[in-house]
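S.K.: Only the shape, not the letters, is given here:
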């Protein structure tokens, strides 16, 4: 267990440094703008391109893995949507934000750094696939459901084209697609360009984690709504458990692929959930609280997940 905690110290240490720096500097959220642009448009895309472009096409076309992972995520999403709208009597828009709070993990900012730190290069491909495809589906589902909930006056085709444009132009999607092309055709990369890509990729995890700490510091917790109790439990406990059971039951996946998927499923709620809530002016304060609380509690739950992985307790030969 001590070795597991040692792995997490630099990871959460970077988040803590960002948090403290933001509190001491007393700058507003606008000060983080250019760093977020660097992370989203340069560092993380370079990392995803690097990981994908070096991978054999046989691994990149594991449709069964992608389908199982996404089905698991959206099973939890639908469960939480039903709980929010039927049991808690929330509006559809509020239910969508709650469902994303339970199913949308911080896979972009926290996922690559933690998975590669714990599992090494063996986690590169599943992490890239999960980040690319899960984000792509989220980017489609969020505006589509919000258009229904908010009664978007635009024609359905206009909404669909707007969503398609946003998805196809997102840096994570573009960089992963380019990586697919380079891997498929085995296109060589000039040494100088490869060095630039390496520099950017190496900056991805430290910058993303630091920025996350800053973001948490700039969104103080005012109150804890009752919904966060079950959202947190589903996000940090139920989703990774169901992910492990689903992938193990389907079978045929490398153990590191299963471990990577479970690890990413165990991550706290993505900051993008707050961004979505802010964009549509729905459940904003509670979405911010969800991100903060799940992140703080993940300090306790992630070491347990890592211990279960490193100890070999999570067997991949499980059958029902």
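M.R.: All right, it came through fine. Only a predicted model underlies this, so the values are computations on that prediction, with no experimental measurement involved. Residues are numbered from 1 along each chain as shown.
S.K.: Going by C-alpha atoms from here, please, whenever you check contacts or count neighbours.
M.R.: Will do.
S.K.: which regions of the protein lie under the pLDDT threshold?
M.R.: Under the criterion pLDDT under 70, the flagged ranges of the chain are 1, 316-320.
S.K.: run the last query once more with 50
M.R.: For the chain, the stretches with pLDDT under 50 are 319-320.
S.K.: spatially speaking, which residue is in the middle of it?
M.R.: In the chain, the C-alpha closest to the average C-alpha coordinate belongs to residue 107, at a distance of 1.9 Å (Cα atoms, centre = their mean).
S.K.: Now for it: which residues touch it?
M.R.: Contacts for residue 107 (Cα atoms under 8 Å, 6 or more residues apart in numbering) come out as 131, 264, 267, 270.
S.K.: ok so the second one is a strand residue?
M.R.: The reference is to residue 264. No - going by DSSP: H, G, I helix; E, B strand; the rest coil, the assignment for residue 264 is helix, not a strand.
S.K.: Can you name the residues that contact it?
M.R.: Counting by Cα under 8 Å, 6+ apart, residue 264 has contacts 105, 106, 107, 111, 115, 127, 240.
S.K.: Of these, which is the most crowded?
M.R.: residue 105 (30 neighbours; other Cα atoms under 10 Å).
S.K.: hang on, the earlier thing: inside helices: which ones of the contacts of residue 107?
M.R.: Using DSSP state H, 131, 264 are the members of those that sit in helices.
S.K.: got the contacts of residue 107 as JSON lines, with distance to residue 84 columns?
M.R.: Output for the contacts of residue 107, formatted as JSON lines (distance: Cα to Cα, whole Å):
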{"residue": "131", "distance to residue 84": "26"}
{"residue": "264", "distance to residue 84": "24"}
{"residue": "267", "distance to residue 84": "21"}
{"residue": "270", "distance to residue 84": "19"}
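S.K.: Could I get the buried residue list for stretch 307-317?
M.R.: Residues 307, 308, 309, 310, 314, 316 are the ones in stretch 307-317 that count as buried (16 or more other Cα atoms under 10 Å).
S.K.: So which of those are in helices?
M.R.: Judged by DSSP H, these include 307, 308, 309, 310 as members of helices.
S.K.: Tell me who's in contact with the third one.
M.R.: This points to residue 309. With the criterion set at Cα under 8 Å, 6+ apart, residue 309 makes contact with residue 259.
S.K.: Now do it against residue 124, distance only.
M.R.: To residue 124, residue 309 is 17 Å away according to Cα to Cα, to the nearest Å.
S.K.: just the second one next, same as before
M.R.: Computed as Cα to Cα, the residue 308 to residue 124 distance reads 20 Å.
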